[in-house]
Each structure stands twice: as structure tokens, then as C-alpha cells.
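Trainee: quick one: sequence plus predicted model below, questions after.
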Amino acid sequence: MKKSLKESERLSEILMENITEIIAIQDTKHKILKVNRAAGAVVGKKPGELVGKACYEIWADRDEPCDECPVEKAIASGTPQKGEMTTPEGKVWLIRADPIKNEEETVKGAVEIALNITERKRAEEKLKKTEERFKKLFDANPDAAFLVDRKEVFREVNEAACELSGYNREELIGPSIRDAPPFPKHTQEILVEQFQRRLQGADLSPYTIEIQRKNGEIRYVEVNTKPLEVDGRFIGIIGVARDITERKQLEEKLVTLHTWAQKLNRATTMEKIFEYTLDAMGKTLGFTRAAIQLKQETTLNVKAHRGYASLPEQILKLPLDGPGIT
């Protein structure tokens, strides 16, 4: 049994000396009873040179225990404690402290294990600043911006997205693209198809969808998305939706005008010309009432009209030199 105990102690010594974390056994006054090689390497000393000195003198260059010290808390409470400490030279350590108790459960000291997390903290700080810059740009985008995760769920939207849709952030964040309130069923189908193509690595061009604002108004938006990846793994998309309703309406008017222009070119009678002209005025300009007048000698004569049940006789044939003519 003594041999087994001795072997166990030897293995513990080997482990303690070769582990990269700092291990320090302290009494209740924070005096070092034993440390491993890594603990001495931090301050350029051999482990034996640290025995008898206070931990806060060695690693924090202080003459009293550090504020919020996990070891101090473990000794005082008799329970394991954990926390982060920063040394004067700016190194950040993640510290775990476990109390050492005798058979009567009296605390006699503590075992401190410290891991240098300086680089991790710097990376976290850099990431935080990057996220803050991204958030500012995201929120300041004049177009509707959104983030959708791998499960097709909206995780973030900016204020412009709320203004465009008429819904607040609480209503837009959380639903998936399959049931988000601004999207009619046919739009949901388009969004799902585009998302699946992006998930499969396809390079997508901007596409147009129809949305329905909270007040029922229909708007048309052009959507442009980019994949979000972490270590080469797809985690979602970031997108921008630009309101192109006015542009689309203008394009539709131009198409309609082109259509009626072709019809007018093919018209073979004046009656057809009048008919197509009145049709075009209604379709492109939104007129519900219109009349076509032609000059004949000294009068303007109504040759065709739309939207009037009848016209007064004096309107049907206006003298060019009479009242109301300028």
C-alpha cells in the first residue's frame, strides 16, 4: 500500500511539474507552500524561490491581497471560487481556488490554479469592437437590413426594416422567413427557395419580392443577400431590402405606354386611335374621366370620351373664340 501511495505521489508531482497552468498551494495568509514550474516561469524564478512569499507580492506586486481575489474568497467561505485577475503588466488570468480543509473541516489554505487568458481576452475585445462597428453600420443603413440564422429565423433587423414594414422589432425578430408577418405566401415561397440556394453555396443575384405592410399596403423590395460564415461553416445570411415600389410602378407604366404605342401604330381608323388613347390615359395616368377634342375650323369638337355618362352640348362643340377658351 505504501508503494502504491508513493507511486501516486510521484505521478502527481510529474503532473504538477508539467502542466502549463500555474498551480500554487497557499496557507490562509496567502504564503506559498508549494508551486509548480509554470508558476516560477511567469516571474523568471525557480519554484523553490517562491516558497514562503505571499502570492500577491509575487504576481501582483502588491503588499496586500488583491481586490476580489478568488483565493481570498475560497479561504473565507470554505467553498470553491473562480474569477479573473489582471496583473500590473496587463496579463489576464482565469483563476480557480479550492479550499484545503483538515479532518475537522477547518480551512487551512487553498489550491490556486491560474490560466493565462490574455490572448483570448484580447481576441474577445477585438471581436466586441468589430461587432460594435458592424452594429453601428447595420443600424445606420438607410435600407432595411436583416440577419437570418441557419434555421431561417430572423435574429436582427434595423430601424429601416421596421419603417418599411410597419412592424416593430419585437414582431420581426423571432419568426422564420416562412411565417414572418410582412410576407404573403407567394413571397415566403420565394424567400425559402432563395435561402436554400444560398445554403447550398449558390451565388445569388438581387431579386424582387412583394411585402405587405402592417396597414395592408403592398410594397415591392429588391433583396440582396450575402452568406455569413464562421470557420468556413454557413451560419446564416445578412441581407438588405431596398424599397423599389416607385421604380417598379414607373417601369410598369413605361411597359404599358409601349404596349399602347404599338397598338396606336397598328390602328387603322380614327375611332381605334381614340379608343387606344383613352385606354392608355386610364392605365398609365390613372384618369377615370377623359375626353379627346379635335379642332375643326373655329371649334373644338369632342370625338371620344370616357367616364362621362353624357356631356353638355356646349362642351361637345366649343367655339375657339368663345367664353372659357384661352
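Mentor: In hand now; what should we look at?

Trainee: quick one: contacts for the nearest residue to Arg289 once chain neighbours are set aside?
Mentor: The shortest distance from Arg289 to any non-neighbouring residue, by C-beta to C-beta, 6 or more residues apart in numbering, is to Gly307 (3.4 Å). (C-beta placed from N, C-alpha, C; glycine too.) Shown in contact with Gly307 (C-beta atoms under 8 Å, 6 or more residues apart in numbering): 287-290.

Trainee: from the residues you listed, keep the buried residues only.
Mentor: Ala290 (16 or more other C-beta atoms under 10 Å).

Trainee: report the two of the contacts of Gly307 separated the most.
Mentor: Thr288 and Ala290 (8.1 Å; C-beta to C-beta).

Trainee: intersection of neighbour lists for the two?
Mentor: Both Thr288 and Ala290 are in contact with 282, 307, where contact means C-beta under 8 Å, 6+ apart.

Trainee: Arg242 is in contact with Glu222, correct?
Mentor: Yes. If you go by C-beta atoms under 8 Å, Glu222 and Arg242 touch, sitting 4.9 Å apart.

Trainee: so, low pLDDT: which residues of the stretch 201-326 of the chain?
Mentor: For the stretch 201-326 of the chain, applying pLDDT under 70 flags the ranges 322-326.

Trainee: can you give me the helices for it?
Mentor: Assigned by DSSP state H, counting those that start in this stretch, the stretch 201-326 of the chain shows helices spanning 245-266, 270-285, 313-316.

Trainee: repeat that for the stretch 1-150 of the chain.
Mentor: Under DSSP H, counting those that start in this stretch, the stretch 1-150 of the chain gives helices at 2-18, 37-42, 47-50, 55-59, 70-77, 118-140.

Trainee: nearest to Glu84, of those helices?
Mentor: helix 118-140 (8.0 Å).

Trainee: now the helices of the stretch 1-150 of the chain in JSON lines, with mean pLDDT?
Mentor: Converted to JSON lines, the helices of the stretch 1-150 of the chain look like this (pLDDT from 0 to 100):
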{"stretch": "helix 2-18", "mean pLDDT": "57"}
{"stretch": "helix 37-42", "mean pLDDT": "86"}
{"stretch": "helix 47-50", "mean pLDDT": "88"}
{"stretch": "helix 55-59", "mean pLDDT": "87"}
{"stretch": "helix 70-77", "mean pLDDT": "93"}
{"stretch": "helix 118-140", "mean pLDDT": "86"}
